[in-house]
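**Q** sharing a model prediction with you, sequence too.
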Amino acid sequence: MNKKYRKTIIAGNWKMNLVPSEVKAFADELRAFLPKARTCEVALLVPYTHISTLRRALKDNRIGFGAQDVSARDKGAYTGEVSADMLSDMNAHYVIVGHSECRQYHGDTDFTVGEKAAAVLGKGMCPIICVGESLEQRERGLTMAYTTYQVLAALSYIPEGKERQIVIAYEPIWAIGTGRTASPEEAGEVCAGIRAVLRAKRGARAARSVSILYGGSMNPGNAKTLLSMPDIDGGLIGGASLKPRDFSQIVDAVALAAQEA
Ligand code: PGA
């Protein structure tokens with residue numbers, strides 16, 4: 001399917017790394033490495049504590065930023081939580097919801113993930129909805145059934161007509177932080193399957209407008225082949241996003257992949 005209908009996005013997921021006082025040096029280094037003419041959007045998804053420093057350090061408004069999680073609730077007595085309203089007030093662009101680490105360590109269910117996506121959308125930001133199977137599910141042949149269910153559950157919280165304001169990230173759990181990447185064919189097949197689910201539920205126009213990212217040990221060495229798959233519209237990058245040079249090489253790979261397409 002033609003990629004011209006959607007954005008290509010390279011988003012860094014810093015997870016729980018770096019401290020706020022390291023953010024400015026990181027941003028300066030990244031800006032020096034990043035290609036001046038970019039063919040994709042670049043964003044950094046950082047801990048809540050880093051957002052305002054990053055916002056100031058970036059200056060360059062061509063680098064988006066955002067958070068790695070959000071509360072499903074509006075406001076009130078929810079100690080420790082951060083609302084979508086708070087993030088939008090800081091001009092965040094993107095918010096990850098349903099990362100497998102949040103599902104695993106914070107007990108996020110498919111329904112909470114949908115609620116969080118709706119909260120983010122409701123405040124004019126873009127949710128990056130993560131889905132992906134475990135190794136056992138893959139080995140039992142349940143990859144597509146499981147990711148389809150996750151996508152359908154999240155989609156049930158997304159109002160009709162708002163599809164182009166969401167991003168889906170396919171992140172097989174067995175590939176996250178393990179150095180083991182899904183092959184371009186494996187990743188491409190699941191991303192195509194996700195788009196087929198979108199098409200069946202919301203129609204061809206909506207399906208072609210949703211950016212679907214791949215995440216799981218993407219690095220400068222494998223980015224180009226992954227990004228050349230027709231249904232992979234970018235990457236959600238963990239480990240490699242903490243190294244400005246590696247991260248910007250992944251951004252370079254977007255243009256290289258497009259040349260080959
Ligand atoms: P990784 O993480 O690139 O370190 O595998 C990706 C992610 O969890 O978003």
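**A** Yes, it's here. Residues are numbered from 1 along each chain as shown.
**Q** now do the contacts for the nearest residue in space to Gly132 that is not next to it in sequence.
**A** The shortest distance from Gly132 to any non-neighbouring residue, by CB to CB, 6 or more residues apart in numbering, is to Glu171 (4.2 Å). All C-beta atoms are positioned from the backbone trio N, CA, C, and that covers glycine. The contact partners of Glu171, by CB atoms under 8 Å, 6 or more residues apart in numbering, come to 99-100, 130-132, 214-216, 236.
**Q** now the strands for the protein?
**A** Under the criterion DSSP state E, the chain contains strands at 9-13, 41-46, 63-67, 94-97, 126-131, 167-170, 211-215, 234-237.
**Q** which of those strands sits most buried?
**A** With neighbours taken as mean count of other CB atoms under 10 Å, the strands of the chain reach their highest mean count in strand 234-237, at a mean of 30.
**Q** where along this structure do the helices fall?
**A** 20-33, 51-58, 84-89, 100-105, 110-122, 135-139, 143-155, 184-202, 204-209, 223-227, 244-260 (DSSP state H).
**Q** Ala77: which of those is closest?
**A** With CB to CB as the criterion, Ala77 lies closest to helix 84-89 of those, at 15.1 Å.
**Q** chain neighbours aside, what residue packs nearest to His99?
**A** Nearest non-adjacent residue to His99 (CB to CB, 6+ apart): Cys130, at 4.8 Å.
**Q** so the one you found sits against Ser100, correct?
**A** Yes: between Cys130 and Ser100 a contact is recorded at 6.5 Å, counting by CB atoms under 8 Å.
**Q** whichever residue of the stretch 1-150 of the chain sits closest to the ligand: what's it in contact with?
**A** Scanning the stretch 1-150 of the chain for proximity to the ligand using CB to the nearest ligand atom identifies Asn13 as nearest, at 4.1 Å. Counting by CB under 8 Å, 6+ apart, Asn13 touches 45, 68, 96, 99, 215, 236-238, 241.
**Q** would you turn those into CSV with distance to the ligand and pLDDT?
**A** CSV is the format used below for the contacts of Asn13 (distance: CB to the nearest ligand atom, whole Å; pLDDT from 0 to 100):
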residue, distance to the ligand, pLDDT
Leu45, 9, 98
Gln68, 9, 98
Ile96, 8, 98
His99, 6, 98
Gly215, 4, 97
Leu236, 4, 98
Ile237, 5, 98
Gly238, 2, 97
Ser241, 7, 98
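**Q** need these in CSV (columns: distance to Pro184).
**A** Formatted as CSV, the contacts of Asn13 follow (distance: CB to CB, whole Å):
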residue, distance to Pro184
Leu45, 24
Gln68, 26
Ile96, 23
His99, 22
Gly215, 14
Leu236, 16
Ile237, 16
Gly238, 18
Ser241, 20
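**Q** of those, closest to Ala175?
**A** Closest to Ala175, out of all of those and judged by CB to CB, is Gly215, at 7.9 Å.
**Q** ok, and the closest non-adjacent residue to the closest one?
**A** Leu236 (3.4 Å).
**Q** what does the stretch 151-261 of the chain have sitting close to the ligand?
**A** Within the stretch 151-261 of the chain, the positions near the ligand by CB under 6 Å from any ligand atom are 171, 176-177, 215-218, 236-240.
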